[in-house]
Structures are given as C-alpha cells and as structure tokens.
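**Student:** Need a 3D model of the sequence below.
(chains A and B)
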Amino acid sequence: MHHIGKARKAATYIQYLLISLLILVPVVWLVVSSFKPSSAVVSYPPVFKFTPIIDNYVQLFKNLPYMLYTLNSILIAGGSTILGLLLAVPAAFAVSWYKKSWPTSVALLARMAPGGLYLLPWYIIFSRLGINGTYLALILTHTVITMPLSLLIMASFFDELPRELMECGMVDGYSLGGVILKIAVPLSAPGMVVSTVLTFILSWNYFLFALVLSKIRTTPLTVAAFKFVGEGVTDWGMLMAAATVLAIPPLVITFFAQKWLVQGLTYGAVKG
Amino acid sequence: MKQKERIPFLLLIGPAAVFTVLMTALPFVQVINMSLKDFIIGFQGVYIGLENYAVMLKDPVFWNGLRVTFELYFLSLFSQLLIGLYIAVLLHRKLKGSRFLRTILLSPFTMPPVAVGMMWLILLDPSFGPANYFLELIGLEKSLFLASPSLVIRTLAAIDTWQFTPFVVLILLGGLQTLPEEPYEAAEIDGATRRQRFFYITLPLLRPSIITATILRSIDLLRFFDTIYITTQGGPGTASTTLNIYAYNTGFVYFRMGYASALMITLMAVVLITVVFFNFLRKRQY
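**Tutor:** Numbering: from 1, shown residues only, chains lettered A, B, ... in the order given. So this is what the prediction gives:
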C-alpha cells in the first residue's frame, strides 16, 4: 500500500508477532514435549525446565515397528504421487492442448465425494479380489486423491506455454508424445515440482483409506499414530513422539518448497 | 473436434479416464446399488428399494449428525473467512517480515490432520493441558474443551480454524495482489477514508477470491472427519458425531453397509448442493 505511518507500522508488527506465536507455539509445544520424560508430560502446572531425553523415540522405533510404518508411508505416498503424475500429465496436456474442460470438471466432482463413499464399495471389491491390506490397494486408493490435483495443477501450467513452441516441435517431426516429453514437461518443470510436492504431502497426510484398508504389515504412520489415541492413551510421551514423526516430513518439505507451494496453491486452488 | 484430433485426445486422456471409471465411477454406481439393499457384511443383501432413505429420515442420529455438521460448518467457515481476511489485509501491507510470516502460515495446513488432532488433544487435556494453565494464568476458569458436550463443537471449530485459516489467507492474498490500482487512486482523490476504501472497493473486488475460499473450505468442512475421529470419535455421546462420522461408524463399526451407503450419498448431495449454490453466486453479476 502507499505510506504507512510509524505508529501503524509498529502496530502491524505487533500483530505479525501475535499471529506467528499463535501458529508456532502449539507446534513447538508438541515437539518439545516429545523430548520430556513421561512423568513431566502429565504434570500440572506444566514443566518448563527439564533435561531433554530421546527415550520416547527410542521406544517408538525399538519396541514398535516404526521403521516399517515410516517405510510404508513413504512407499504409499511415493507410489501414489508417481502413479498420479503418470496418469495426470498426458491427460492434463490433452485438456490444455485441445481446450477441453470436462475432464477437469470430472476431477473436481470426484474431489467432492466424501472418502467414505468410495471406501464402502472398495472394501467389498478389494475383499473379493483378495487385495485388502496390500500396498497395491493403498497406492491405488491414494491415487484417487493425488491424480485429480496433479491434473488441475499441470493443466494450468500447460495453459501458460506458448502454443507455437509445440507446433514447431510437431513440424520438426516430434510425435505428440515426443512434444509432451521433450518440450511441454521440461518447460513446466516448476509445475512438476509443485504437483510432486503437493500430492506427496496430501497422500502422506491422508488418513481414512489406510484406516480401513491397511493391515499390520502395510500400516502407514497416520494409522499407527492413531492407535495411541484409539486404544486409550497410556503413554503420552510416546504419543507426542509419534505425532512428531508423522508431522515432521510435511513440515520440512513445506519449508524447503515454500516458493513453489504458494504458486501451486494459487494455481490449483484459485484457477480450479 | 475434428475426427483427426479425436484419436490422440482419447489416447492421452485414456489412462486417467480408465482409472477414474474403475476407481470412482463404478464404485459410485455400486454404492447407489448398495444403498437400495438391506446389506450387512457377511449376509446376502436383499433389495428394499428406498427403505434405507425412509429409515434415515426417521433416524434421530441422522438429524443430529446433520445439525452437528452444519453448526461446525458455519462456525468454522465464518471464523476462517473473517480472520483470514484480517490476516490477508495485514500481510498485504508488505512490510519487512511479511515474507517470514507467510512461511509460517504454510505450516498448519500442510501438517497431517492426525498429528494436528493429537497435538490439540494434549494442549487441551482437561487435567494437564497447557491451555488450561494459560487460562488460569489470566484469571479464567479451567475448561473441559473437547470433553464438554456443550463446548466440543466450538473447540473443534477452533482447531480447524487454527489449521485452515492460513489456507484462506493465501487465497485472499492472491486475490488482493491482482486488484487494480485505479479505484484506489480515484478514492484517494475523493478523500475516502481507509474504512470506506476497504468496504466499498477492496471487499467487492475481492468477492471472487472470497467465494473460491468459501467453496474449497465448504467441501472440506461438510465432510469434516479426521480431526474429530482423532480427538473425540464423535463424542462425548453424539455431541460431535457429524454426518460423515455417523456414516463411517455405521459402515465400518456396525457393518451396516446398505444404510451407510445411503448416508454417504446424502452427505455427497449436501456437499454438491452447497458447491452449486456458491458457484451460482460466483457467476451472478451485480
């Protein structure tokens, strides 16, 4: 805006500070408390001075298969991100190149259904096919949420490309597939980054499908963390360590990819 | 579309289309089919027509779920738009440090709802939670928060507001950055106050962004599930049993798949009608 007086500037800074604190304090409290001994976690009034320990994390990874849960999360989120992109990139190019809007409308419509609506028939179909609790089932179901988002983001990035560039490619003898792989995708590299980052986080965070469709061997971190709550909380220290392990990867990715994230959100959200 | 173009278009769109048909369209047909059956897992379903829907209309837990869903929806949406608008305008002043705040704003809504739920479960615990400690510190009484039937909806709305207001801020900030300069210059010449500029220029021009934020939040809020399932599982009693929680429990705790299907379809209809309504508002010109 135009000129801002000194007093107003100071007032704005105080408001910035308050908002930052409101957002950060809860998260910092969670992470810090996960390094408290269990007795200090439940003491009231809260303990502010304590010697940090890593017992909660050691127990998590030693007494419980948290290594496996972490790998499961990576596998499911990674698998559905890649599969989602493989399906979405050619479709997004078609949408953008031939100026068709119905596929994006279908993607948006599918986004509106509650996850549970699909989960009911999936549970029955997957049981019949004998793939309940497999990675395949989890990756396929998570792709239902990753693919439409990648489609929307990539279509808006492809829309920005100059048409002549790709027509030149065709004149030079590239097939349509060649144009996509050699021209459109490299020029939309930021879009690929945005899609990958956003859909990976979306899939990593998604809870409902794995809650029903995962078995012990394929349980991701979301469902594993929930077990601390569901079975009646006995160890608050471990619960906080579990929540921290679950939350750290998206937070770290967000921090490093923030520039692209903001751009992607404005594309995917506002234009969609 | 010319005949020559149709084939490459279909080839490119094909894999995604086949996937969508197999994973969503066919299951959608099946869920409608299931909703017409008296279908409990382990038993052969029998067609009963619209009986499930008739039962639903007489089911007090369904009506309670609808009420809880909308209370939570209106309360959360209203707070998120209001606070979101306030923070967006604040950030638009582009002072040094607004970049830093924008970075921080990204963290709540990229956190897994499961972790957010667990975090607030600890912060708001009635016996040892620090939230009560701070309440007492400023001379207020301790609260039960999520354990109180009368406060649980407001508490859940506050948690969702903590997590998703930053998302609304980003959308509104995107809108603010595209506003034209001219009306503001004209207003300055006319001697309009800051408040007048905000209410008569900024707010009307920002309408498309506000409606976009409203639609995106509506879709999520009407299907509110994760945070509730983590913190209260719909309790105490049925005080936070939204339609989505009720439908889930009906299907996957009580295995009444037929009735659960009818509830899920009703929920989807509620979401769809709301979105269509706001889309209509977006397209309408004044």
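
**Student:** ok, now how distant is the residue nearest the centre of chain A from chain B?
**Tutor:** With distances taken as C-alpha atoms, centre = their mean, the residue of chain A nearest its centroid is residue A:201 (1.5 Å). Distance from residue A:201 to chain B, counting by C-beta to the nearest C-beta, to the nearest Å: 5 Å. C-beta here means a position set from N, CA and C on the backbone, and glycine is covered the same way.

**Student:** ok, that residue touching residue A:255?
**Tutor:** No. In this structure, residue A:201 is not within contact of residue A:255 by C-beta atoms under 8 Å, at 11.8 Å.

**Student:** Excluding residues flanking it in the chain, which one is nearest residue A:219?
**Tutor:** Leaving aside its sequence neighbours, residue A:219 sits nearest to residue A:69 (C-beta to C-beta, 6 or more residues apart in numbering or on different chains; 5.7 Å).

**Student:** Show me what the strand or helix carrying that neighbour is packed up against.
**Tutor:** Secondary structure assignment for residue A:69, by DSSP states H and E: helix A:66-97. Counting contacts by 3 or more C-beta pairs under 8 Å, 6 or more residues apart in numbering or on different chains; DSSP states H and E, helix A:66-97 is packed against helix A:102-112, helix A:135-159, helix A:189-205, helix A:221-230, helix A:236-256, helix B:3-20.

**Student:** how far off helix A:189-205 does that helix point, in degrees?
**Tutor:** Calculated by axes from the mean of the first three to the mean of the last three C-alpha atoms, to 10 degrees, helix A:66-97 forms an angle of 140 degrees with helix A:189-205.

**Student:** How about helix A:66-97, which residues are buried there?
**Tutor:** By neighbour count on 16 or more other C-beta atoms under 10 Å in any protein chain shown, the buried set for helix A:66-97 is A:66, A:68-70, A:72-73, A:76-77, A:79-85, A:87-97.

**Student:** what's the closest non-adjacent residue to residue 92?
**Tutor:** No chain specified, so I'll use chain A. Take residue A:92 and drop its neighbours on the chain: the residue closest to it by C-beta to C-beta, 6+ apart is residue A:154, 3.6 Å away.

**Student:** wait, chain B
**Tutor:** In space, residue B:92 is closest to residue B:176, 4.7 Å off (C-beta to C-beta, 6+ apart).

**Student:** any idea of the pLDDT on the one you found?
**Tutor:** pLDDT recorded at residue B:176 is 90.

**Student:** which other helices and strands contact the helix or strand hosting it?
**Tutor:** Assigned by DSSP H and E, residue B:176 belongs to helix B:152-177. Packing partners of helix B:152-177 (3+ C-beta pairs under 8 Å, 6+ apart): helix A:6-33, helix A:258-265, helix B:60-91, helix B:98-110, helix B:113-123, helix B:207-222, helix B:226-231.

**Student:** hang on, the earlier thing: what sits against the residue nearest to residue A:219?
**Tutor:** A:219-221, A:224 (C-beta atoms under 8 Å, 6 or more residues apart in numbering or on different chains).

**Student:** shaky segments in the chain?
**Tutor:** Just going to use chain A. Low-confidence segments of chain A (pLDDT under 70): A:1-4, A:230-234, A:263-272.

**Student:** Sorry, I should have been clearer: chain B.
**Tutor:** Short version for chain B, where the test is pLDDT under 70: B:1-3, B:285-286.

**Student:** I'd like to know how many residues surround residue B:254.
**Tutor:** As a burial measure, residue B:254 scores 12 neighbours (other C-beta atoms under 10 Å in any protein chain shown).

**Student:** quick revisit: which of the contacts of residue A:69 lies at the shortest distance from residue B:150?
**Tutor:** Residue B:150 lies nearest to residue A:224 out of the contacts of residue A:69, by C-beta to C-beta, at 33.1 Å.

**Student:** returning to that earlier point: so which of the helices and strands packed on helix A:66-97 is the most packed in?
**Tutor:** Mean neighbour count (mean count of other C-beta atoms under 10 Å in any protein chain shown) peaks for helix A:135-159 among the helices and strands packed on helix A:66-97, with a mean of 24.

**Student:** ok now the next helix or strand after it, how far from the chain's centre?
**Tutor:** Remark: after helix A:135-159, the chain's next helix or strand is helix A:163-171, criterion DSSP H and E. Centroid separation for helix A:163-171 versus its chain: 35 Å, with C-alpha atoms, centre = their mean, to the nearest Å.
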